[in-house]
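Participant: Please work out how this folds:
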Amino acid sequence: MTVETDTQGSVTTVYKVSGMSCGHCEGAVSGEITQIAGVSSVKAVASTGEVTVVSAAPLDEEAVRAAVDEAGFELAGKA
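Facilitator: Residues are numbered from 1 along each chain as shown. Modelled structure (predicted):
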């Protein structure tokens, strides 16, 4: 599990998402996760299936799961 807190109080969490295969997939997942309150940045990488999320506080994993689901993919958990 990868969760880091930096000196500004931001939390960086890396999630594994299955099913992403292209830039469109990355954009869909990023777009949905960005809508979660407190999220400041999202970087999805289809080739690794990893999605790095920077937020003001730790996110509720169910909220992330719902956002990934809405994008049409499956959250495998934290990387």
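Participant: longest helix anywhere in this structure?
Facilitator: Ranked by residue count and defined by DSSP state H, the top helix of the chain is helix 23-34.
Participant: Flag every buried residue along it.
Facilitator: 25-26, 28-30, 32-33 (16 or more other CB atoms under 10 Å). No exception for glycine: its C-beta is placed from N, CA and C like everyone else's.
Participant: Of these, which is the nearest to A57?
Facilitator: Of all the buried residues of helix 23-34, I33 has the smallest distance to A57: 14.7 Å, by CB to CB.
Participant: The closest one contacts V39, correct?
Facilitator: Yes: in this structure, I33 is within contact of V39 by CB atoms under 8 Å, at 6.1 Å.
Participant: quick one: common contacting residues for these two?
Facilitator: The contact sets of I33 and V39 overlap at V53 (CB atoms under 8 Å, 6 or more residues apart in numbering).
Participant: Now do the contacts for S41.
Facilitator: Shown in contact with S41 (CB under 8 Å, 6+ apart): 53-54.
Participant: Quick check: pLDDT value at M20.
Facilitator: On pLDDT, M20 comes in at 97.
Participant: er, D6 I mean
Facilitator: In this prediction, D6 carries a pLDDT score of 54.
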